[in-house]
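Fold the stuff below for me.
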Amino acid sequence: MTIELFLQIVQTLAVVVGGLFAVDQLRQMRLQREIQTGAELLRSMQSPLTASTALMVVELPDNLSTAELKAATGDKFADVLYLCAVFESMGPLIARGHLSIDYYADFYRGATVLCWKKLQRYTEEQRANGFSNLFEWFQWLAERLEARTPSIDASAQVQFADWKSPADYQRLRFRSND
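Predicted coordinates:
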């Protein structure tokens with residue numbers, strides 16, 4: 001083996017190792033971005049205003065008209081619109097891949113779907129009155145989340161009872177209901 005051939009092999013190995021390192025770094029950066037986005041999402045979604053408004057909306061009767069919704073929420077109606085805007089802002093983040101729908105669903109699937117069901121009639125009435133794309137991303141997100149009903153109908157403390165480490169998460173999340 002000549003020295004030139006040896007140097008070419010070393011150079012090729014260095015390029016391959018560098019490429020593998022770059023791919024791993026990109027994977028790590030994506031994971032870090034998802035974690036940071038999730039933490040920011042938690043901060044914005046778990047504010048006292050968001051939490052109290054979501055609780056209020058979930059407790060409303062189904063299928064309220066615009067007038068009934070305004071009467072039921074009184075001076076908190078603006079807070080309801082704020083909550084809709086928060087859900088609306090999550091849709092494009094998920095659609096563009098900036099936030100994993102699985103990550104979002106783990107935290108807010110139920111609240112998003114329930115709030116949409118409570119506010120759907122209001123939104124449809126407003127769209128009929130000229131606001132044709134009002135809360136379109138909120139609807140999109142709720143529909144995607146509703147379609148992603150967990151494969152096991154159990155609460156987290158039951159579904160993840162066998163959890164030992166983060167490596168168990170995917171296995172337990174998608175196991176069938178035995």
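
so what does the lowest-mean-pLDDT helix or strand in the chain touch, helix or strand wise?
The least trusted helix or strand in the chain, going by mean pLDDT, DSSP states H and E, turns out to be helix 169-173, with a mean of 76. Using 3 or more C-beta pairs under 8 Å, 6 or more residues apart in numbering; DSSP states H and E as the contact test, no helix or strand touches helix 169-173. (C-beta placed from N, C-alpha, C; glycine too.)

list the contacts for the residue nearest the centre of the chain?
Closest to where the C-alpha atoms of the chain average out (C-alpha atoms, centre = their mean) is residue 104, at 2.1 Å. If you count contacts by C-beta atoms under 8 Å, 6 or more residues apart in numbering, residue 104 has them with 41, 90, 94, 141, 145.

Count the residues that sit near the last one.
Counted with other C-beta atoms under 10 Å, the burial measure for residue 145 works out to 20 neighbours.

shouldn't it be in contact with residue 113?
Yes: between residue 145 and residue 113 there is a contact under C-beta atoms under 8 Å: 5.4 Å.

just the helices in this structure please.
3-45, 48-58, 66-73, 77-95, 101-128, 136-147, 156-159, 169-173 (DSSP state H).

Among these, show the one with the smallest mean pLDDT.
Here the lowest mean pLDDT among the helices of the chain goes to helix 169-173, at a mean of 76.

Buried residues of that one, list them for me.
For helix 169-173, burial by neighbour count (16 or more other C-beta atoms under 10 Å) applies to residue 173.

who's in contact with it?
By C-beta under 8 Å, 6+ apart, the residues outside helix 169-173 that reach it are 150, 159, 160, 162, 163.

ok, how many other residues are close to residue 72?
What residue 72 shows, counting by other C-beta under 10 Å, is a neighbour count of 16.

Which residues lie in contact with residue 111 in this structure?
So residue 111 contacts 54, 58 (C-beta under 8 Å, 6+ apart).

ok, residue 76 touching residue 53?
Yes: here residue 76 reaches residue 53: they are 7.0 Å apart, a contact under C-beta under 8 Å.
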